[in-house]
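**Student:** Could you work out the structure for the sequence below:
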Amino acid sequence: MEVLKITQVYNKLSVKNDYVFKRLFTKKGNEKYLKEFLSSLLKMDIREIRIEHDKRLDQNLKSEKYGVLDVKATLNGNVEVNIEIQINDYKNIVKRVEYYASKMLAFQLKPKEDYKKLKPVIIVAILDFEHFKFKEYITKGVIVSDKHRDEIIDNILTFYYIELPKFRKSKIDTEDKVAQWLSFIDGEDEKRIGEVMRKNDNIKKADEELEYLSSDEATRRLAEMRESGLREMASAKACGIEEGIEKGAKYAKIDMIKAMLKENIDINVISKVTGLTKDEIENIK
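**Tutor:** Okay, the predicted model is just below:
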């Protein structure tokens, strides 16, 4: 008698779920995916990439469902990069990104270490909403002179904002690796995804990895928990509860500045990385 085999069919998880994104791109053996994406985006020859592997990711997600699940890596031993995905628009993305960048920069140095040891920090914010008025879907931000916009004052902080809704509406070059990876990450256009998988074997393998993660019950449960938490967060914001959340972020920034002052970090450096004036910093003392 023929035995009927029943196979469970799973819908693929979304790579835009930051838990899934982190699991996919930080898994040991998957470094090549992140390396290829960042090399093409940053136009950088990445010879070495060291990813910060979070061994307690699942446990942290259960206890901090509202926390930021980002991807941290060091490139060529001297550049720190942070990648964050934002699905909901809380109208604070630029301030939020600047805060994380300043935090990464501030805590690089030990007491009395020379500022020359500071490593450049790059933040990549992948947004599933439109924020800037520009038509381009990738916006790069650096510190420039007020009167000489082409003159970069310092490249210690660099920001990349990627707006996926604009990307979806754009006519792309499927030979371009940035566009290939964004098609995969966005996951909205099946035709595009199929085409870029035929052109890029790494994306095909990443998609196979995504299928494996999607078939794992524990991973699906945690991904759904993450989505649920973010929906609760968005609902709280819509109901006006965000005031308490914003105050918490403000107090965290003040605590960071106090710690920097305690370590005798120059007030000019604190002003540069936090965006506060010297008078505002003096008042925190």
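**Student:** Just the terminal-to-terminal distance for stretch 180-197.
**Tutor:** In stretch 180-197, first residue to last residue: 8 Å (C-alpha to C-alpha, to the nearest Å).
**Student:** what mean pLDDT does that stretch have?
**Tutor:** For stretch 180-197, mean pLDDT rounds to 96.
**Student:** What are the contacting residues of that stretch?
**Tutor:** Here stretch 180-197 makes contact (C-beta atoms under 8 Å, 6 or more residues apart in numbering) with 12, 14-16, 21, 36-37, 40-41, 126, 162, 164, 167-168, 172, 174, 179, 199-200, 203-204, 206-207. From N, CA and C alone the C-beta is placed, and that goes for glycine too.
**Student:** again, 7 Å this time
**Tutor:** Taking contacts as C-beta atoms under 7 Å, 6 or more residues apart in numbering, the residues outside stretch 180-197 that touch it are 14-16, 37, 126, 162, 164, 167-168, 174, 199-200, 203-204, 206-207.
**Student:** In helices only, show me those residues.
**Tutor:** Those of the contacts of stretch 180-197 mapping onto helices are 37, 164, 167, 168, 199, 203, 204, 206, 207, per DSSP state H.
**Student:** In this protein, where is pLDDT below threshold?
**Tutor:** By pLDDT under 70, the weakly predicted segments of the chain are 1-10, 54-68, 233-253, 255-256, 260, 263, 269, 272-275, 285.
**Student:** With adjacent residues omitted, what lies nearest to the residue nearest the centre of it?
**Tutor:** Central residue check for the chain by C-alpha atoms, centre = their mean: the C-alpha nearest the mean position is that of residue 84, 1.5 Å away. The shortest distance from residue 84 to any residue other than its chain neighbours is 4.4 Å, reached at residue 70 (C-beta to C-beta, 6 or more residues apart in numbering).
**Student:** what's near enough to touch that neighbour?
**Tutor:** By C-beta under 7 Å, 6+ apart, the residues touching residue 70 are 82, 83, 84.
**Student:** Show me what the helix or strand hosting the last one is packed up against.
**Tutor:** Read that as residue 84. Counting by DSSP states H and E, the element that carries residue 84 is strand 79-86. Judged by 3 or more C-beta pairs under 7 Å, 6 or more residues apart in numbering; DSSP states H and E, the packing partners of strand 79-86 are strand 71-75, helix 93-106, strand 121-127.
**Student:** send the alpha carbons of stretch 154-163 over as PDB?
**Tutor:** Provided in PDB are the C-alpha atoms of stretch 154-163 (Å, rounded to 0.1, in the frame of the first residue of the first chain):
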ATOM      1  CA  ASP A 154      35.400  64.600   9.100                       C
ATOM      2  CA  ASN A 155      34.500  61.100   8.000                       C
ATOM      3  CA  ILE A 156      34.400  59.700  11.500                       C
ATOM      4  CA  LEU A 157      30.600  59.400  11.200                       C
ATOM      5  CA  THR A 158      28.800  58.300   8.000                       C
ATOM      6  CA  PHE A 159      25.100  57.500   7.700                       C
ATOM      7  CA  TYR A 160      23.200  55.500   5.000                       C
ATOM      8  CA  TYR A 161      19.500  55.700   4.900                       C
ATOM      9  CA  ILE A 162      17.800  53.200   2.500                       C
ATOM     10  CA  GLU A 163      14.100  53.800   1.800                       C
END
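**Student:** What are the boundaries of the strands in the stretch 101-250 of the chain?
**Tutor:** In the stretch 101-250 of the chain, the strands defined using DSSP state E, counting those that start in this stretch lie at 121-127, 138-144, 152-163.
**Student:** Please write out the alpha-carbon positions of the second one in CSV.
**Tutor:** Provided in CSV are the C-alpha atoms of strand 138-144 (Å, rounded to 0.1, in the frame of the first residue of the first chain):
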residue,chain,number,x,y,z
ILE,A,138,19.7,55.7,-0.8
THR,A,139,20.8,58.8,1.1
LYS,A,140,24.3,59.2,2.4
GLY,A,141,25.0,61.6,5.2
VAL,A,142,28.4,63.0,6.3
ILE,A,143,29.6,66.0,8.2
VAL,A,144,30.3,68.8,5.8
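**Student:** Residue numbering should commence at 29 henceforth.
**Tutor:** Shifting the count to begin at 29 puts that one at strand 166-172.
**Student:** Which secondary structure elements does it sit against?
**Tutor:** Where contact means 3+ C-beta pairs under 7 Å, 6+ apart, strand 166-172 is packed against strand 180-191.
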